[in-house]
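J.: The following comprises the amino acid sequence and a computationally predicted model.
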Amino acid sequence: MKRITLTFLGLCVIAQTLSSCSSKEKTNGQSDTAAVSTEAATTESTAPVTVAPANAPASYKVTAMPDSAILGKENEALVKVTDMNVVDLFNAEGKSTGAELTVKLTITNKSTLDHKKFFTVEASNARLELDNKISIPSSNSDGNSSPEPESTSETTWTFTLPPNTKPAKLNLFLNGTRVSVGLTAQR
């Protein structure tokens with residue numbers, strides 16, 4: 001009988017200890033589920049913050065609105081802007097010499113294998129319109145801008161911006177058609 005009583009008292013003490021410890025974790029009378037849901041909401045709402053190192057070049061992102069355009073007389077080309085980044089450039093004395101905009105694109109050939117259309121979205125035909133209304137051509141391109149029918153290719157275009165300017169629009173050309181994509185700089 002003593003054993004049962006001692007076991008029962010031991011279990012009561014453990015239960016009391018556990019309940020007192022769990023009530024310390026609760027704040028202002030919140031239940032366990034409320035505390036967990038608050039933690040989950042806090043975790044979900046905090047976005048990862050990207051901090052540029054102090055010894056890295058100054059840069060910022062540019063977003064395109066809308067991020068895609070359809071080109072060609074028969075709407076055969078779909079061009080989508082996937083990433084845009086600007087890096088500020090300086091000379092050895094620290095004076096601004098402009099900036100370099102890198103535009104990553106995916107180009108989709110929407111023609112079918114039965115009705116093949118071949119085209120090239122040339123970087124040399126694209127124009128970047130700046131905030132001061134001056135248009136500049138691409139200074140460099142890399143990748144494939146001539147996708148096969150029913151396929152997609154990736155390419156990267158580079159534009160050199162003059163000092164104290166920001167990109168405003170990207171004008172794309174193909175086969176006599178022109179489409180503009182609005183750009184917004186995000187520092």
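T.: Good, I have the coordinates.

J.: Need the pLDDT of the spatially most central residue of the chain.
T.: A centroid search over the chain (C-alpha atoms, centre = their mean) returns residue 83, at 6.3 Å, as the residue closest to the centre. Per-residue pLDDT puts residue 83 at 96.

J.: Give me the contact list for the host helix or strand of residue 84.
T.: Assigned by DSSP states H and E, residue 84 falls within strand 77-90. Residues outside strand 77-90 that contact it (C-beta atoms under 8 Å, 6 or more residues apart in numbering) are 57-64, 67-71, 96-110, 119, 121, 154, 161, 167, 170, 172, 174, 179, 181, 183, 185. Every C-beta, even on glycine, is put in place using the N, C-alpha and C of the backbone.

J.: in the protein, which helix or strand is least confident?
T.: Of all helical and strand segments in the chain, the minimum by mean pLDDT, DSSP states H and E falls on helix 32-45, at a mean of 40.

J.: so how far is whichever helix or strand comes after that helix off the chain centroid?
T.: Next in sequence after helix 32-45, counting helices and strands by DSSP H and E, comes strand 59-65. In terms of C-alpha atoms, centre = their mean, to the nearest Å, the centre of strand 59-65 is found 9 Å from the chain centre.

J.: Run through who's touching strand 59-65.
T.: With C-beta under 8 Å, 6+ apart, strand 59-65 has contacts from 52, 81, 84-88, 101, 167, 170, 181-187.

J.: Over to stretch 122-139?
T.: Counting by C-beta under 8 Å, 6+ apart, 101, 140-141, 145, 155, 157-162, 165-174, 180 sit against stretch 122-139.

J.: The same query, at a cut-off of 10 Å, please.
T.: Residues outside stretch 122-139 that contact it (C-beta atoms under 10 Å, 6 or more residues apart in numbering): 79, 100-101, 103, 105, 140-143, 145-146, 155-162, 164-174, 178, 180, 182-183, 185.

J.: Quick check: buried residues in it?
T.: Neighbour counts over stretch 122-139 (16 or more other C-beta atoms under 10 Å) mark 123, 126-130, 136, 138 as buried.

J.: can you give me the end-to-end distance of that stretch?
T.: End-to-end span of stretch 122-139 (C-alpha to C-alpha, to the nearest Å): 12 Å.

J.: Quick one: mean pLDDT over that stretch.
T.: Computed over stretch 122-139, the mean pLDDT rounds to 94.

J.: Also stretch 93-110?
T.: 95.

J.: One more: stretch 173-187?
T.: Here the average pLDDT along stretch 173-187 is 92.

J.: Only alpha carbons, please: show it as CSV.
T.: The C-alpha trace of stretch 173-187 is given here as CSV (Å, rounded to 0.1, in the frame of the first residue of the first chain):
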residue,chain,number,x,y,z
PHE,A,173,12.3,44.9,-81.4
LEU,A,174,11.6,41.9,-83.6
ASN,A,175,10.6,41.8,-87.3
GLY,A,176,9.2,45.4,-87.4
THR,A,177,7.4,45.1,-84.1
ARG,A,178,8.3,47.0,-80.9
VAL,A,179,7.2,46.5,-77.3
SER,A,180,8.2,48.5,-74.3
VAL,A,181,8.6,47.2,-70.8
GLY,A,182,8.5,49.7,-67.9
LEU,A,183,11.4,49.6,-65.4
THR,A,184,11.5,50.6,-61.7
ALA,A,185,14.7,51.0,-59.8
GLN,A,186,14.7,49.7,-56.2
ARG,A,187,17.7,50.9,-54.0
